[in-house]
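[1] test case, fold it:
(2 chains)
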Amino acid sequence: RKEVEQDPGPFNVPEGATVAFNCTYSNSASQSFFWYRQDCRKEPKLLMSVYSSGNEDGRFTAQLNRASQYISLLIRDSKLSDSATYLCVVNYGQNFVFGPGTRLSVLP
Amino acid sequence: GAGVSQSPRYKVAKRGQDVALRCDPISGHVSLFWYQQALGQGPEFLTYFQNEAQLDKSGLPSDRFFAERPEGSVSTLKIQRTQQEDSAVYLCASSLPSKRLADTDTQYFGPGTRLTVL
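    Modelled structure (predicted):
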């Protein structure tokens, strides 16, 4: 079993839709959690950190469930520019483990 | 300010050739990471430096892979006797470790080097 798992998608959604991604991790010692965004042929960029209490940044909401070892990302009112691959990242110490990514296509 | 830079951006090598990939981290960043990203996959950890010390090289796939950061700044990833399965994007990331244990450091990625081994 891989350390970090994600549904690869693709998720094809119309503009304005709400879409949610889940990510599961296997290492219970994991300390920190992130969502990164990666555009085609570009480097990953930090979208948001994920805190135990859940956190929101504009149209994006991240949740962490330590008991079930999963992280979620919710995107509301999706825009064409949200089309990208979303990478779940789990960290313990200086060890960062990336999931395979979930591809999102927002359609006009 | 300048971000992480990598060179070359693209490299085509013949099987068996040696290659060297360079990473210039953000100035002052202590931590430096190398990742390998195959098509359609997430980045896979290769190795990690704190200043000039290579603290973790558990992700290097074979002894053909070697990384160094002799002065704690620029890093080079060397692949000897390249094989077709080495074809991937090699990403470098740097971060500035937080003094607070509760914080975790954002990694800033370079644009990557796309290596194609023929």
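
[2] what's the separation between B:Leu96 and B:Ser75?
    Distance, B:Leu96 to B:Ser75, using Cβ to Cβ, to the nearest Å: 15 Å. C-beta coordinates here come from the backbone N, C-alpha and C atoms, glycine included.

[3] close to chain B, is the helix or strand of chain A with the lowest mean pLDDT?
    Every helix and strand of chain A was ranked by mean pLDDT, DSSP states H and E. The lowest is strand A:95-98, at a mean of 88. Yes. Judged by Cβ under 8 Å from any Cβ of the partner chain, strand A:95-98 comes into contact with chain B at A:Asn95, A:Phe96, A:Val97, A:Phe98.

[4] restricting to C-alpha, output whichever helix or strand comes after that strand in PDB.
    Note on strand A:95-98: by DSSP states H and E, the next helix or strand toward the C-terminus is strand A:102-107. Extracted in PDB, the C-alpha atoms of strand A:102-107 (Å, rounded to 0.1, in the frame of the first residue of the first chain):
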ATOM      1  CA  THR A 102      -5.800  14.300  -8.600                       C
ATOM      2  CA  ARG A 103      -6.400  15.900 -12.000                       C
ATOM      3  CA  LEU A 104      -9.200  18.500 -12.200                       C
ATOM      4  CA  SER A 105     -10.600  19.900 -15.400                       C
ATOM      5  CA  VAL A 106     -13.100  22.700 -15.000                       C
ATOM      6  CA  LEU A 107     -15.200  23.000 -18.200                       C
END
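
[5] which bits of chain B sit near chain A?
    Within reach of chain A by Cβ under 8 Å from any Cβ, chain B has these residues: B:31, B:33, B:35, B:40-45, B:48, B:50, B:55-56, B:91, B:97, B:104, B:106-107, B:109-112.

[6] so which of these sit within strands?
    B:Ser31, B:Phe33, B:Tyr35, B:Glu44, B:Phe45, B:Tyr48, B:Gln50, B:Leu55, B:Asp56, B:Leu91, B:Phe109 (DSSP state E).

[7] nearest to chain A among those residues?
    Closest approach to chain A among these (Cβ to the nearest Cβ): B:Phe109, at 3.8 Å.

[8] report the beta-bridge partners for the closest one.
    Note on B:Phe109: beta-bridge partners B:Ala93, judged by DSSP bridges.

[9] name the nearest residue to the most centrally placed residue in chain B, ignoring sequence neighbours.
    In chain B, the C-alpha nearest the mean C-alpha coordinate belongs to B:Trp34, at 2.6 Å (Cα atoms, centre = their mean). Counting by Cβ to Cβ, 6 or more residues apart in numbering or on different chains, B:Leu46 is the residue found nearest to B:Trp34 once chain neighbours are left out, at 4.2 Å.

[10] neighbours of that neighbour, how many?
    As a burial measure, B:Leu46 scores 21 neighbours (other Cβ atoms under 10 Å in any protein chain shown).

[11] also B:Asp105?
    18.

[12] which residues are in contact with it?
    Listed by Cβ atoms under 8 Å, 6 or more residues apart in numbering or on different chains, the contact partners of B:Asp105 are B:Ser31, B:Ser95, B:Leu96, B:Pro97, B:Ser98.

[13] could you do A:Arg37 as well?
    Contacts of A:Arg37 by Cβ under 8 Å, 6+ apart are A:Pro44, A:Lys45, A:Leu46, A:Leu47, A:Ala84, A:Thr85, A:Tyr86, A:Leu87.
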